[in-house]
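Undergrad: The sequence isn't on hand, but the structure is:
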């Protein structure tokens, strides 16, 4: 990027040799217009030159005399072109009039000639001229606001049409999932071990305490032995041997032990090949994040939310099984909705209806604002949606991308302040997870320690 042939105070001629008169100066006399041109800085720029940088506190406004300027907004997760201004347009007036930081970048889209009027140069103009320009700026701002209101109405209508279209398609998805291929496979998948399904069911009881669940694990010798075997395996990588369940609870926390039990139960239902293990690793990370999101939002449902995180991608495992057994319809299976298959499998395992419902609707927050979601499942869906996005930010490559259109709306559901998904994950979730990293399996600790923001 660079400036070429920069020249200050060079008049720009309009028709018949007159100075070009943009809308911001439409009612100035020829003498007043000439004074403005004399006070301003007029330069020629090449393409891709940043005239205004988001966050700057400079006090000046710009008039495009030739060419075009693109307005680019940094939303934290991504940068987006939000507008484009051509010859005669006024830009940067908000910061000039109100003294607020710049809200977006202004970048030349092509070779352009631009007039800049700084606060100091503006004050050299006669008071009458200043007042006339202020009134014109106010009028232009009012017109721009009216256009934005009309655009927002159009966007709202478009979002409503999109929402209805998506809900219509989701209402039809059962047609695909009801095929005999899937109906025949689900009963053949090994059931979740009794100990795991009992734990999940007990956790849904609001009167159940962590201590009671821990005691139920202790009461089952085979289950307690499985917990100790897993804690002492390379999966966790503890240096000192853990010889009793109480010590395991101290090291991993109640939710850590609970997640381990359910996760081990899930592993027994699926092959131990690399694609399945990758899904399980992802689900465990989502579960860990969901636990932290739930705790940070002061909700007494961390166990339920971590369970939903562990189970949310189970339908993808079913689709992998189908692909292994039916390679000829691999492409068709990519169109199948994994959330409904996962929900159907969990129902066949007699897991609580609420967990099945949340998992079936897990994709709704990507295209639906919170007010469109059933209130009974809204908060748990919000936790899952936010956790899946945070998992994408932490684990990076190979993770599914999500729409963050309604991210802040779902943060508000959980009483969090508005924040970009990257900043929320980086500033709220990641530090807590690093603090508790010793409770995580070795592979998740590796992901956390090697994360670069």
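TA: That came in fine, so what should we check first? All values derive from a computational prediction rather than experimental measurement.

Undergrad: where do the helices sit along the stretch 301-450 of the chain?
TA: Applying DSSP state H, counting those that start in this stretch to the stretch 301-450 of the chain gives helices spanning 302-311, 314-325, 330-333, 338-348, 353-360, 375-395, 407-413, 421-424, 430-435, 442-449.

Undergrad: most neighbours per residue, which of the ones you listed?
TA: helix 302-311 (a mean of 26; mean count of other Cβ atoms under 10 Å). No exception for glycine: its C-beta is placed from N, CA and C like everyone else's.

Undergrad: Touching it from outside, list them.
TA: When contacts are defined by Cβ atoms under 8 Å, 6 or more residues apart in numbering, helix 302-311 is touched by residues 200, 203-204, 210, 213, 254-255, 258-259, 262-263, 266, 283-284, 286-291, 293-295, 299, 342, 346, 351, 355, 358-359, 380, 383-384, 387.

Undergrad: Just the buried ones out of these, please.
TA: The neighbour count (16 or more other Cβ atoms under 10 Å) marks 200, 203-204, 210, 213, 254-255, 258-259, 262-263, 266, 283-284, 286-291, 293-295, 299, 342, 346, 351, 355, 358-359, 380, 383-384, 387 as buried among the contacts of helix 302-311.

Undergrad: In strands, which of those appear?
TA: Residues of the buried ones among the contacts of helix 302-311 located in strands (DSSP state E): none.

Undergrad: and of the helices of the stretch 301-450 of the chain, who's closest to residue 44?
TA: Among the helices of the stretch 301-450 of the chain, the nearest to residue 44 by Cβ to Cβ is helix 421-424 (37.0 Å).

Undergrad: any idea of the mean pLDDT in the closest one?
TA: Confidence for helix 421-424, expressed as mean pLDDT, is 91.

Undergrad: contacts for that helix?
TA: Contacts for helix 421-424 (Cβ under 8 Å, 6+ apart): 76-77, 386, 389-390, 393, 404, 407, 411, 416, 453.

Undergrad: who's in contact with stretch 437-445?
TA: So stretch 437-445 is contacted by 234-237, 251-253, 256, 281, 284-285, 288, 433, 448-449 (Cβ under 8 Å, 6+ apart).

Undergrad: So which of the residues you listed sits lowest on pLDDT?
TA: residue 235 (71).

Undergrad: Run through the residues that contact it.
TA: Contacts of residue 235 by Cβ under 8 Å, 6+ apart are 441-442.

Undergrad: Kindly recompute the last result at 6 Å.
TA: Residues near residue 235 by Cβ atoms under 6 Å, 6 or more residues apart in numbering: residue 441.

Undergrad: Tell me the secondary structure at it.
TA: Each residue gets one of three states, and residue 235 gets coil by DSSP: H, G, I helix; E, B strand; the rest coil.

Undergrad: Which helix or strand contains the closest residue in space to residue 63 that isn't next to it in sequence?
TA: Spatial nearest neighbour of residue 63, excluding adjacent residues (Cβ to Cβ, 6 or more residues apart in numbering): residue 115 at 4.3 Å. Assigned by DSSP states H and E, residue 115 belongs to strand 112-118.

Undergrad: rewinding a little: quick one, what contacts the residue nearest to residue 63?
TA: 40, 42, 63, 65.

Undergrad: Do you know the pLDDT at the third one?
TA: Okay, so that is residue 63. Per the predicted model, pLDDT is 95 at residue 63.

Undergrad: any idea how far stretch 220-231 is from the chain center?
TA: Stretch 220-231 has its C-alpha centroid displaced from the chain centroid by 38 Å (Cα atoms, centre = their mean, to the nearest Å).

Undergrad: List the buried residues of that stretch.
TA: Per 16+ other Cβ under 10 Å, stretch 220-231 contains these buried residues: 223, 226-228, 230-231.

Undergrad: could the helices of the stretch 301-450 of the chain go into JSON lines alongside distance to residue 87?
TA: Conversion of these to JSON lines gives the following (distance: least, Cβ to Cβ, whole Å):
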{"stretch": "helix 302-311", "distance to residue 87": "54"}
{"stretch": "helix 314-325", "distance to residue 87": "53"}
{"stretch": "helix 330-333", "distance to residue 87": "50"}
{"stretch": "helix 338-348", "distance to residue 87": "50"}
{"stretch": "helix 353-360", "distance to residue 87": "53"}
{"stretch": "helix 375-395", "distance to residue 87": "41"}
{"stretch": "helix 407-413", "distance to residue 87": "36"}
{"stretch": "helix 421-424", "distance to residue 87": "37"}
{"stretch": "helix 430-435", "distance to residue 87": "47"}
{"stretch": "helix 442-449", "distance to residue 87": "51"}
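
Undergrad: tell me, which of those helices is the model least confident about?
TA: Among the helices of the stretch 301-450 of the chain, helix 330-333 carries the lowest mean pLDDT (a mean of 74).

Undergrad: Among the contacts of helix 302-311, which are located in helices?
TA: For the contacts of helix 302-311, the ones inside helices are 200, 203, 210, 213, 254-255, 258-259, 262-263, 266, 283-284, 286-291, 293-295, 342, 346, 355, 358-359, 380, 383-384, 387, with DSSP state H as the criterion.

Undergrad: Quick one: the strands in the stretch 51-200 of the chain, in order.
TA: Assigned strands in the stretch 51-200 of the chain, in chain order: 60-66, 68-74, 79-86, 90-91, 105-108, 112-118 (criterion: DSSP state E, counting those that start in this stretch).
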